[in-house]
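S.K.: need the 3D shape of this:
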Amino acid sequence: MPKTAFKPASAASLKLRDEDILKQWVLAFESRPDVRRNSDGSFDVFGDLELSQDELFRAGDLDLVLLRKYVRFRKVGGNFSACPSVFFALLPRKVRGDVIMVGNMGRCVLTAGCDYAGRIMVTLIDW
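M.R.: Here you go, the predicted model:
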């Protein structure tokens with residue numbers, strides 16, 4: 001079997017790549033005119049925040065601990081939508097509009113390593 005010049009990336013190297021991607025996303029995000037960065041590093045958004053439309057968050061393979069390190073939202077002036085894999089990790093403290101979870105909750109439960117026999121039911125009270 002021929003030797004290859006390429007080696008698989010280590011877990012540490014992959015984490016650094018993800019961190020660089022998140023840092024670039026944050027730089028682009030905070031330059032938007034409808035976004036303000038707070039002193040604690042969180043963001044206020046003066047309008048809708050549709051993370052379900054953002055390619056970075058649709059992939060759903062980001063480390064949620066790393067994601068929370070760089071991306072936190074305090075207030076959203078309009079609607080907030082996100083894919084289930086990041087919905088609860090990035091839920092703002094205050095949303096003036098609708099809170100919408102977009103996607104397949106079953107896929108997220110399976111990705112989390114849960115083996116279930118019944119249905120997935122979500123009950124949201126006082127939303």
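
S.K.: only C-alpha atoms for contact and neighbour calcs from this point on.
M.R.: Noted.

S.K.: could you look up the SS state of residue 21?
M.R.: Taken by DSSP: H, G, I helix; E, B strand; the rest coil, the conformation at residue 21 corresponds to helix.

S.K.: tell me, how many residues neighbour it?
M.R.: Neighbourhood size, residue 21 [other CA atoms under 10 Å]: 12.

S.K.: gap between the two ends of stretch 67-75?
M.R.: Across its full length, stretch 67-75 reaches 18 Å end to end, with CA to CA, to the nearest Å as the criterion.

S.K.: nearest residue to residue 49 other than its sequence neighbours?
M.R.: residue 80 (4.9 Å; CA to CA, 6 or more residues apart in numbering).

S.K.: from what I can see that neighbour touches residue 102, true?
M.R.: No. The pair residue 80 / residue 102 is not scored as a contact, 10.2 Å apart, by CA atoms under 8 Å.

S.K.: quick one: find the helix or strand in this structure with the lowest mean pLDDT.
M.R.: Every helix and strand of the chain was ranked by mean pLDDT, DSSP states H and E. The lowest is helix 105-111, at a mean of 72.

S.K.: would you mark the buried spots in it?
M.R.: 105, 108 (16 or more other CA atoms under 10 Å).

S.K.: who does that helix touch, helix- and strand-wise?
M.R.: Packing contacts for helix 105-111, counted by 3 or more CA pairs under 8 Å, 6 or more residues apart in numbering; DSSP states H and E, involve helix 84-87.

S.K.: what comes into contact with the helix it packs on?
M.R.: Outside helix 84-87, the residues within contact range by CA atoms under 8 Å, 6 or more residues apart in numbering are 57, 60, 64, 81, 101, 102, 103, 104, 105, 108.

S.K.: how far off centre is it?
M.R.: Mean-position distance between helix 84-87 and its chain equals 6 Å (CA atoms, centre = their mean, to the nearest Å).
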